[in-house]
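Q: model this:
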Amino acid sequence: MISAVRSAQSGKEVAAEPSCWQKYAACGGVEAAVFFSPEGERGNARSRRELLARRICQTCPVLGQCREYALGAGELYGTWGGMSEADRRRHAQ
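A: Take a look at the predicted model:
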């Protein structure tokens, strides 16, 4: 049985582990550094990396599931479902 968490966005239960949909993700095979910032990354470098990550996310057939997972699980780091760390913090407020 797959454990679930309640999404902060929709109130629906979503898979607590991304493994059930992750194999369909557009980011599969893409270097993790595109989605997760190195320590100390700031300004234009961060903006460019996040833009590239969002472009990949926008082509993803499981964008919604990824976003729901990140919001429901409270992912603190990286770009998930086209949302950056800052996007998710704003969404949570």
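Q: and Arg54, what element?
A: helix 43-58 (DSSP states H and E).
Q: what packs against the helix or strand following that helix?
A: Per DSSP H and E, the first helix or strand lying C-terminal to helix 43-58 is helix 63-73. Applying 3 or more Cβ pairs under 8 Å, 6 or more residues apart in numbering; DSSP states H and E, one finds that helix 63-73 makes contact with strand 4-6, strand 13-15, helix 19-22, helix 85-92. From N, CA and C alone the C-beta is placed, and that goes for glycine too.
Q: need the least confident one among these, by mean pLDDT.
A: Sorting the helices and strands packed on helix 63-73 by mean pLDDT places strand 4-6 lowest, at a mean of 44.
Q: quick one on the thing from earlier: and the helix holding Arg54, which residues are buried?
A: 46, 49-50, 53-54, 56-57 (16 or more other Cβ atoms under 10 Å).
Q: just send the residues you listed back as a markdown table, with distance to Cys66 too.
A: Shown next, in a markdown table, are these (distance: Cβ to Cβ, whole Å):
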| residue | distance to Cys66 |
| --- | --- |
| Arg46 | 20 |
| Arg49 | 17 |
| Glu50 | 15 |
| Ala53 | 11 |
| Arg54 | 12 |
| Ile56 | 11 |
| Cys57 | 7 |
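Q: ok, so of those residues, who is nearest Ala92?
A: Checking the buried residues of helix 43-58 against Ala92 by Cβ to Cβ gives Glu50 as the nearest, at 17.8 Å.
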